[in-house]
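[1] Based on what follows, work out the 3D shape:
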Amino acid sequence: MKVKIITGLSGSGKTTALRILEDLNYYAMDNVPGSLIESFIYLSKSQDKPIEKLACVVDFRSMEVEKNLKETLTNLKKINKDTSIIFLTSRDDVIIKRYNELRRPHPLGSFGDVKDGLEREKIMLSDIKDMADLIIDTSNYNNKNLKQVLLNISDRKESFIINLFSFGYKNGLSLDFDVVFDMRFLPNPYYIDDLKQLNGTDKKLRSYLDEFEIAQEFKNEVYKNLIKLIPYFAKEGKNSISIGFGCTGGQHRSVYMCESIYEKLKETNYIVIKKHRDKDKWRK
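    Residues are numbered from 1 along each chain as shown. The predicted model follows:
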């Protein structure tokens, strides 16, 4: 049976991930004690039509009835080889904002305090995070991005996520990026009347920038270096990398390069996500 264990921090998107997997025909269960999953697998195997795919949320709530959740999950992976643990996390400020928007207290916080509860939860789940097969930081993800990651998790995919972002310097530089490339060395389509209102996803604008030899050279060099370096990042325990491509307004050159690198990387065995951070600010 293909089993996905969804765990991680409260407010990081575990319920959303479970719903996505349910839409992908997984039998979905929330707040399940780890020991019951093993029993469920044996029960399913005894049926005329066994369940082929199972997704379960197992988090700190399971610890109320589990003496050693880490040991339970370790044993589960032994009896069911096709079991993977997906740990969801987010930046503290993002989780706090999500809780404030929903006006909900954190279940582990003193008097519902989110910051306090978050720190306690991190400590409780540290061992589970260490044994996770995939760690997904959902800080910059919407539901579509998370779905894309979960769709791409398969036997042929490496458990490494490449996040590609376009952005505009005038709208600020995000602190989430591991690597930033400044695209302002390319000619600016903003000053060409026929291209000014377009964005970097438009074929006309992309054809214009493709004509410049430096654009082609840059794409090839970025691709070659990423393919070379990512195994070393993974070897050092890094699960993902976030790469930002910036230009002045975040509409033309940065979007063009983000799209171009995505096209080159999407055929690799890595999980590749693209996002245009300032899309809502594009000129129409």
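[2] got the contact list for the host helix or strand of Asn225?
    Secondary structure assignment for Asn225, by DSSP states H and E: helix 213-235. Applying Cβ atoms under 8 Å, 6 or more residues apart in numbering, the set of residues contacting helix 213-235 from outside is 158, 160, 162, 181, 185-186, 209-210, 241, 243, 256-257, 260-261, 264-265, 268, 270. Heads up, the C-betas are built off the backbone N, CA and C, glycines and all.
[3] List the ones among these that fall in strands.
    Helix and strand membership here follows DSSP state E; of these, those in strands are Ile162, Phe181, Ile241, Ile243.
[4] Which residues are in contact with the third one?
    This points to Ile241. Ile241 makes contacts with Phe160, Ile161, Ile162, Asn163, Asp178, Val179, Ile230, Phe233, as judged by Cβ under 8 Å, 6+ apart.
[5] Among those residues, name the buried ones.
    Phe160, Ile161, Ile162, Asn163, Ile230, Phe233 (16 or more other Cβ atoms under 10 Å).
[6] Can you classify Ile135 by secondary structure?
    Remark: Ile135 carries the secondary structure label strand [criterion: DSSP: H, G, I helix; E, B strand; the rest coil].
[7] try Gly246
    Taken by three-state DSSP, the conformation at Gly246 corresponds to strand.
[8] Domain-wise, how is this protein divided?
    Segmentation of the chain into domains, based on automatic domain parsing, reads 2-152, 161-281.
[9] Kindly reformat those as JSON lines containing mean pLDDT.
    Converted to JSON lines, the domains of the chain look like this (pLDDT from 0 to 100):
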{"stretch": "domain 2-152", "mean pLDDT": "91"}
{"stretch": "domain 161-281", "mean pLDDT": "95"}
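[10] just to revisit the earlier point, just the buried subset of the contacts of helix 213-235, please.
    Listed as buried from those are 160, 162, 181, 186, 209, 241, 243, 256-257, 260-261, 264-265, 268, 270; burial here means 16+ other Cβ under 10 Å.
[11] between the contacts of Ile241, which is nearest Lys53?
    The closest of the contacts of Ile241 to Lys53 turns out to be Ile161 (Cβ to Cβ; 21.5 Å).
[12] In this structure that closest one contacts Lys274, no?
    No - Ile161 sits out of contact with Lys274 when judged by Cβ atoms under 8 Å, with a separation of 11.6 Å.
[13] For the helix holding Asn225, buried residues please.
    Of the residues in helix 213-235, those buried (16+ other Cβ under 10 Å) are Ala215, Phe218, Lys219, Val222, Tyr223, Leu226, Ile230, Phe233, Ala234.
[14] Save those residues as TSV, and put in distance to Lys147 too.
    As requested, these are arranged in TSV below (distance: Cβ to Cβ, whole Å):
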residue	distance to Lys147
Ala215	31
Phe218	31
Lys219	27
Val222	26
Tyr223	25
Leu226	24
Ile230	23
Phe233	24
Ala234	23
